[in-house]
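A.B. asks: Model the structure of this input:
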Amino acid sequence: MKHIQAEISRIERSHDHLWSIRQDLHERFDGQLKSHIVDSILDAAAAGYEGRISRFRKIFIEKDAREQLETIRSSQPSHLMAQAA
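C.D. replies: Just a heads-up that it's a prediction; the model follows:
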């Protein structure tokens, strides 16, 4: 089972040019915001950049997504906040 999960992760990373940013944002915000919100905000931030996503563009995409997520987190809308375990 562990091998299958590792293979799925490898495939996802090969098709997601933002996988490292996505992983960092999930590590930072998943305990506070619903995980699909993190993905949606990152995808929306990246949508503003047409064409190939270069390393340089990734810096701006990550900054934009992080700022939006921090704004959401600070306003604490209950429908977007992660449920306490």
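A.B. asks: So, low pLDDT: which residues of this protein?
C.D. replies: Within the chain, the segments meeting pLDDT under 70 span 1-15, 80-85.
A.B. asks: so what's Leu69 up against?
C.D. replies: Leu25, Arg28, Phe29, Leu33, Ile37, Val38, Ile41 (CB atoms under 8 Å, 6 or more residues apart in numbering). Where C-beta positions appear, they are placed from N, C-alpha and C, glycine not excepted.
A.B. asks: Can you tell me the element it falls in?
C.D. replies: For Leu69, the host element (DSSP states H and E) is helix 55-75.
A.B. asks: buried stuff in that helix?
C.D. replies: For helix 55-75, a neighbour-count test (16 or more other CB atoms under 10 Å) marks Arg57, Lys58, Ile61, Glu62, Asp64, Ala65, Arg66, Gln68, Leu69, Ile72, Arg73 as buried.
A.B. asks: Using PDB, write down the CA coordinates of it.
C.D. replies: Backbone C-alpha positions of helix 55-75 (Å, rounded to 0.1, in the frame of the first residue of the first chain) are rendered in PDB as follows:
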ATOM      1  CA  ARG A  55      10.600  29.600 -11.100                       C
ATOM      2  CA  PHE A  56      10.300  33.400 -11.100                       C
ATOM      3  CA  ARG A  57       6.600  33.300 -11.500                       C
ATOM      4  CA  LYS A  58       6.200  30.700  -8.800                       C
ATOM      5  CA  ILE A  59       7.600  33.300  -6.300                       C
ATOM      6  CA  PHE A  60       4.700  35.600  -7.100                       C
ATOM      7  CA  ILE A  61       2.100  32.900  -7.200                       C
ATOM      8  CA  GLU A  62       3.200  31.600  -3.800                       C
ATOM      9  CA  LYS A  63       3.300  35.100  -2.300                       C
ATOM     10  CA  ASP A  64      -0.200  36.000  -3.700                       C
ATOM     11  CA  ALA A  65      -1.700  32.700  -2.500                       C
ATOM     12  CA  ARG A  66      -0.100  32.900   1.000                       C
ATOM     13  CA  GLU A  67      -1.300  36.500   1.400                       C
ATOM     14  CA  GLN A  68      -4.900  35.500   0.500                       C
ATOM     15  CA  LEU A  69      -4.800  32.500   2.800                       C
ATOM     16  CA  GLU A  70      -3.500  34.600   5.700                       C
ATOM     17  CA  THR A  71      -6.300  37.200   5.100                       C
ATOM     18  CA  ILE A  72      -8.900  34.400   5.100                       C
ATOM     19  CA  ARG A  73      -7.400  32.900   8.300                       C
ATOM     20  CA  SER A  74      -7.300  36.200  10.100                       C
ATOM     21  CA  SER A  75     -10.900  36.900   9.300                       C
END
